[in-house]
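Asks: Pasted the sequence and its predicted model underneath.
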Amino acid sequence: MDSISKLAISISRPKRSKEQKLHDICHTTLRSIAHTNRVSLWKFNKELNEVICLMCYEKNINQYSSSMVLKKSDYPEYFSYILKEDVILASDARQHPATKCFNDAYFKPNNIFSLFDYIFHDNFEPCGIICCESIGQQITWQESDIKILRRIANMASMFFVP
């Protein structure tokens, strides 16, 4: 059984805590998307003008964090792009038109060079974002990465639906 199928089984177990399910999604994403060393899971508010970080896991230092909030009013380019396209492949995140707005506040302090975000949905409405990042080096995301993250997003959407 592949890791994404195992993820579906894991997050469907009612006795697993929310935190355990978030861990499972982060770790499955890290194992499945090459060159990713930081994964975060975000949930949109009802107005789609804010995303709240439910969990961020940085593999290099084995550290979890959460509770960061990004507002559309602070990052309009990012919100417009991700909500229109569903995916951002930013191998050079510091120069990408939709993500360069994060340079000073986020990318430079965290040594992030590449970003790959994918929206997951509930009944065709955006409900969250899975974010993959490369720390310390710029990498090129592959078409196969999109297919893999789409599968993970489909599984994760089962968890994020209220």
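Replies: Thanks, I have it.
Asks: going forward, measure contacts between C-alpha atoms and count neighbours the same way
Replies: Noted.
Asks: now the helices: where do they sit in this structure?
Replies: For the chain, the helices defined by DSSP state H occupy 3-12, 18-32, 76-85, 108-110, 143-160.
Asks: Now do the shortest one: distance to the chain's middle.
Replies: The gap between the average C-alpha position of helix 108-110 and the chain average comes to 17 Å, counting by CA atoms, centre = their mean, to the nearest Å.
Asks: which parts of it are buried?
Replies: Residues of helix 108-110 classed as buried by neighbour count (16 or more other CA atoms under 10 Å): none.
Asks: which residues sit in contact with the residue lying closest to Arg151 once chain neighbours are set aside?
Replies: The shortest distance from Arg151 to any non-neighbouring residue, by CA to CA, 6 or more residues apart in numbering, is to Ile4 (7.2 Å). Residues in contact with Ile4 (CA atoms under 8 Å, 6 or more residues apart in numbering) are Thr28, Arg151, Ile152, Met155.
Asks: To Tyr64, which of the helices of the chain lies closest?
Replies: Closest approach to Tyr64 among the helices of the chain is made by helix 18-32 (9.0 Å; CA to CA).
Asks: low-confidence ranges in the chain?
Replies: Applying pLDDT under 70 to the chain flags residues 160-162.
Asks: make it 80
Replies: Across the chain, residues meeting the criterion (pLDDT under 80) sit at 1, 158-162.
Asks: thinking again about what came up before, ok, and the most crowded of the contacts of Ile4?
Replies: Counting neighbours by other CA atoms under 10 Å, Ile152 comes out on top of these with 24 neighbours.
Asks: doesn't His27 make contact with that residue?
Replies: No: look at Ile152 against His27 with CA atoms under 8 Å: they stay out of range, at 11.0 Å.
Asks: What's the local residue count around Ile130?
Replies: 25.
Asks: end-to-end on stretch 82-92?
Replies: 16 Å (CA to CA, to the nearest Å).
Asks: Which positions in that stretch come out as buried?
Replies: By 16+ other CA under 10 Å, the buried positions in stretch 82-92 come out as Ile82, Val87, Ile88, Leu89, Ala90, Ser91, Asp92.
Asks: Give me the residues contacting it.
Replies: Against stretch 82-92 from outside (CA under 8 Å, 6+ apart): 81, 96, 99, 113-120, 126, 138-141.
Asks: change it to 6 Å
Replies: Residues outside stretch 82-92 that contact it (CA atoms under 6 Å, 6 or more residues apart in numbering) are His96, Ser114, Leu115, Phe116, Asp117, Tyr118, Ile119, Ile139, Thr140.
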